[in-house]
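Participant: Fold the following, please.
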Amino acid sequence: MPWYRKKVLTYAEPYRLGLEDGMFCELEGKECDRVCNNPWKQNPFECQYCKVYINTLEGRMFLNGSDDFIATGSKGERYPIRRDIFEQTYELVEEKENY
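Facilitator: Predicted coordinates for the structure are as follows:
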């Protein structure tokens, strides 16, 4: 059985405040604009009802936690990746020119 490796160079960084496209409040069932009085500007994962999301080509994807990575694909598309999956799938490339 043949094995294959991904050829796409991907930019990724650990999640930090400002990389999200928005938040959704499960308690209110709508976009979270401090609906549940969560001071999420400091840590959006402290509220049990707020879910941080990234808009992807496949639709809205929610982050699992503050240690997720945000990847940007070759066409500028963005998506969250759980840290454990990211570390299993990607390796650091020192020089972009080689790819």
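
Participant: pLDDT-wise, which helix or strand of the chain ranks last?
Facilitator: The weakest-scoring helix or strand in the chain, judged by mean pLDDT, DSSP states H and E, is strand 30-31 (a mean of 70).

Participant: bridging residues for the most centrally placed residue in the chain?
Facilitator: Centroid-nearest residue in the chain: Pro80, 2.5 Å away (criterion: Cα atoms, centre = their mean). The partner list for Pro80 in beta bridges (DSSP bridges) reads Ile70.

Participant: How about Glu13?
Facilitator: Ile70.

Participant: before we move on, back to that, Ile70 is in contact with the residue nearest to the centre of the chain, correct?
Facilitator: Yes - Pro80 is within contact range of Ile70, at 5.9 Å (criterion: Cβ atoms under 8 Å). Where C-beta positions appear, they are placed from N, C-alpha and C, glycine not excepted.

Participant: overlap in contacts of these two?
Facilitator: Listed as contacting both Pro80 and Ile70 by Cβ atoms under 8 Å, 6 or more residues apart in numbering are Tyr15, Ile54.

Participant: Asn55 versus Arg71, what's the distance?
Facilitator: Actually, residue 71 is Ala. It isn't Arg. Distance of Ala71 to Asn55, computed by Cβ to Cβ, to the nearest Å: 14 Å.

Participant: Glu87 too?
Facilitator: 24 Å.

Participant: The chain: strands as residue ranges?
Facilitator: Along the chain, the segments classed as strands by DSSP state E run 11-14, 22-25, 30-31, 50-56, 59-62, 69-72, 78-81.
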